[in-house]
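1. let's see this in three dimensions:
(one chain, ligands or ions: 1)
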Amino acid sequence: MKKAIVVGATSGIGKGLAKLLVENDYKVGITGRRTELLEELKSENPDSYFIQTFDITDTKTAAEKLEQLTTELGGLDLLILSAGTGDINNELDFEIEKRTIDTNVVGFTCIADWTLKYFEKQNYGHFVAISSIGGLRGSKHAPSYNASKAYQINYLEGMRQKVTQRKEQIFITDIRPGLVDTEMAKGEGLFWVMPVDKTVRQIFKAIRKKRKIAYVTKRWGLIATILKFIPGSVYDRM
Ligand SMILES: NC(=O)c1ccc[n+]([C@@H]2O[C@H](COP(=O)([O-])OP(=O)(O)OC[C@H]3O[C@@H](n4cnc5c(N)ncnc54)[C@H](OP(=O)(O)O)[C@@H]3O)[C@@H](O)[C@H]2O)c1
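-> Numbers count the residues shown, from 1 in each chain. Prediction:
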């Protein structure tokens, strides 16, 4: 049986991916801060799920918990980092900006580095992170969220360059969703909000194909192309 960890599996995309992995005969380590939700998921298939509760911003504990989970699983082939946060912050409330940076930048880097070092030691493995189409451009409504996703996109490219040059059997996949119907997608006037099950099926397909970058769902790939080419002078007025 293949072994995977999903960091951020208590809800949304991470939970959907954990379930899909179990349906595909993986043993899956699931993490998040809300233990009761991890236990609820485990109760659906007690032999296939393994639990560790931790906050990814607590970087010392996070690395220890990943070690423990990997030992319980008996190894690791795939780690999916889905944990993340984001809020509308038109008022530039610094507490919101800090929470976003602590989670999506500091916590992200801690999990990503632990994973890459683990895979480098065993010389194989697949690291998948859920960034966002938001990382392609800035946002007046959620400046730190989009900036943190740009950091993730750039960091993942750096990791890919590192493993490619060493010709290791390590794969890095950057999943860039558009809007998905989860706790995170809040606010008025949202459009093309994709169902979680459709999104996770497309993500799983991209993981199986070991894609470097995947936009999900496909129609959001079109938006990504348009976003990239809007001139700055036009984007500033939007
Ligand atoms: N929904 C969208 O429209 C959308 C679009 C593009 C990208 N994304 C990205 O997709 C990823 C998953 O988000 P989602 O939409 O599935 O939202 P979600 O349902 O709110 O899930 C977020 C997950 O992250 C975990 N998490 C958050 N902060 C954490 C922390 N400090 N430590 C540990 N775990 C933490 C949460 O678990 P606990 O609360 O239990 O800790 C939860 O399992 C995020 O990285 C998000 O940026 C989402």
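2. now do the residue nearest to residue 10 when sequence neighbours are not counted, the pLDDT please.
-> Once flanking residues are discounted, residue 10 sits nearest to residue 32: 3.4 Å by C-beta to C-beta, 6 or more residues apart in numbering. In short, each C-beta sits where N, CA and C put it, glycine included. Listed pLDDT for residue 32 reads 98.
3. output the contacting helices and strands for the helix or strand residue 162 falls within.
-> In the assignment (DSSP states H and E), residue 162 maps to helix 143-165. Counting contacts by 3 or more C-beta pairs under 8 Å, 6 or more residues apart in numbering; DSSP states H and E, helix 143-165 packs against helix 94-101, helix 108-122, strand 124-130, strand 169-177.
4. the longest one to helix 143-165, inter-axis angle?
-> For the pair helix 108-122 and helix 143-165, the angle between their directions (axes from the mean of the first three to the mean of the last three C-alpha atoms, to 10 degrees) equals 10 degrees.
5. contacts for helix 108-122?
-> 7, 56, 59, 62-63, 66, 70, 75-76, 79, 81, 83-84, 125-127, 129, 148, 151-152, 155-156, 159, 162-163, 168, 170 (C-beta atoms under 8 Å, 6 or more residues apart in numbering).
6. what angle separates that helix from strand 124-130?
-> Going by the same axes, to 10 degrees, helix 108-122 makes 170 degrees with strand 124-130.
7. close to the ligand, is helix 108-122?
-> No - Helix 108-122 lies out of reach of the ligand by C-beta under 6 Å from any ligand atom, never closer than 8.3 Å.
8. what comes up buried for that helix?
-> Within helix 108-122, the residues that qualify as buried are 108, 110-112, 114-116, 118-119, counting by 16 or more other C-beta atoms under 10 Å.
9. what of stretch 87-100?
-> For stretch 87-100, the neighbour count (16+ other C-beta under 10 Å) marks 87, 89, 96-97, 99-100 as buried.
10. just the mean pLDDT for that stretch, thanks.
-> pLDDT averaged over stretch 87-100 gives 96.
11. list the buried residues for the helix or strand containing residue 61?
-> According to DSSP H and E, residue 61 maps onto helix 59-73. Across helix 59-73, burial judged by 16+ other C-beta under 10 Å covers 59, 62-63, 65-66, 69-70, 73.
12. how about those, which pair is most distant?
-> Greatest spacing in the buried residues of helix 59-73, by C-beta to C-beta: 59 and 73 (21.4 Å).
13. quick check: residue 191 touching residue 179?
-> Yes - the criterion here is C-beta atoms under 8 Å, and residue 191 meets it with residue 179 at 7.3 Å.
14. pick out whichever of these two has more residues nearby.
-> Neighbour comparison, residue 191 and residue 179: the larger count goes to residue 179, with 20 against 7 (by other C-beta atoms under 10 Å).
15. hmm, back to that, out of the contacts of helix 108-122, which end up buried?
-> By 16+ other C-beta under 10 Å, the contacts of helix 108-122 give 7, 56, 59, 62-63, 66, 70, 76, 79, 81, 83-84, 125-127, 129, 148, 151-152, 155-156, 159, 163, 168, 170 as buried.
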